[in-house]
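>>> sequence first, then the predicted structure, then my questions.
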Amino acid sequence: MLLYANSLTGTPVLSMQSASPVGQIYSPIVDPDSLKIVAFYLVGPLINREANILDLHSVREYSKYGYVIDSIDELVGKKDVIKLSRIIDLNFALPGLKVETKKGSKLGRVTDFTVTSDDFTVAQIVVRRPLVKSFLDPELIIPRKEILEITDYKIIIKDEEKTIREKAAKEDFVPNFVNPFRKTEQPARAPARTETPDDTNIESA
């Protein structure tokens, strides 16, 4: 099953200890080397800004009600986990990156991406087309296997746009975008969020 990354925003995080929500997902932390979500920033009235990160290793269960953890003490700060600290310092975010082919053709910018529901590996990137091309075809979905290189500013794709579309047509693949944490079968896509909670004022629900 594939999930839109943006649709995970607002998903509750529940504590086994208190049997109640401790917060909700604000934005993902993606490891650019493995292209996997490894943690989430959380927000909420009980969330301490010094310990507002949920490492996915701390999640006991994924249910339709949200992520289940033992207690709020499972949340960590940036400096508490060396690997997470290294990834966070890279300030990497897929949304906003330019997308080009290896020949330099500009395809647009990443607005969202999909991940597998079992291990949160990036499966596809969703690219918003340039204005001149967006009237007939506003989005282009590019599978992970087409990614050749990722830099701080752009993603380079192996094939040209026409080839990507031809491959997609041959595969005849319709992704199953379902968020198991929401009641609706087709989740609404939330606006892309690239800043961290420390960079903006957030009114917690």
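Thanks, I have the structure now. As the structure is a computational prediction, the values presented were derived from the model and not from experiment.
>>> what about the residue nearest to residue 98 when sequence neighbours are not counted, distance to residue 31?
Leaving out its chain neighbours, the residue that sits closest to residue 98 by CB to CB, 6 or more residues apart in numbering is residue 154, at 4.0 Å. C-beta here means a position set from N, CA and C on the backbone, and glycine is covered the same way. Note on residue 154: its distance to residue 31, by CB to CB, to the nearest Å, is 18 Å.
>>> now do residue 3
For residue 3 relative to residue 31 (CB to CB), the value is 17 Å.
>>> name the residue in those two with the higher neighbour count.
residue 3 (24 against 17; other CB atoms under 10 Å).
>>> would you mark the buried spots in the helix or strand where residue 115 lies?
According to DSSP states H and E, residue 115 maps onto strand 106-116. Judged by neighbour count (16 or more other CB atoms under 10 Å), strand 106-116 contains these buried residues: 107, 108, 109, 110, 111, 112, 113, 114, 115.
>>> and which of these is nearest residue 13?
residue 115 (17.1 Å; CB to CB).
>>> the closest one contacts residue 121, doesn't it?
Yes. At 6.2 Å, residue 115 and residue 121 qualify as touching, with contact defined as CB atoms under 8 Å.
>>> mutual contacts of the two, please.
Jointly contacting residue 115 and residue 121 under the rule CB atoms under 8 Å, 6 or more residues apart in numbering are residue 36.
>>> any idea how this structure splits into domains?
Listed by automatic domain parsing, the domain ranges of the chain are 2-92, 98-171.
>>> reformat those domains as TSV; add mean pLDDT.
Listed next are the domains of the chain as TSV, based on pLDDT from 0 to 100:
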stretch	mean pLDDT
domain 2-92	94
domain 98-171	84
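>>> deepest-packed of the ones you listed, please.
The highest mean neighbour count among the domains of the chain, using mean count of other CB atoms under 10 Å, belongs to domain 2-92: a mean of 17.
>>> first-to-last residue distance for it?
Using CA to CA, to the nearest Å, the end-to-end distance of domain 2-92 comes to 22 Å.
>>> again, but for stretch 111-122
Counting by CA to CA, you get 14 Å between the two ends of stretch 111-122.
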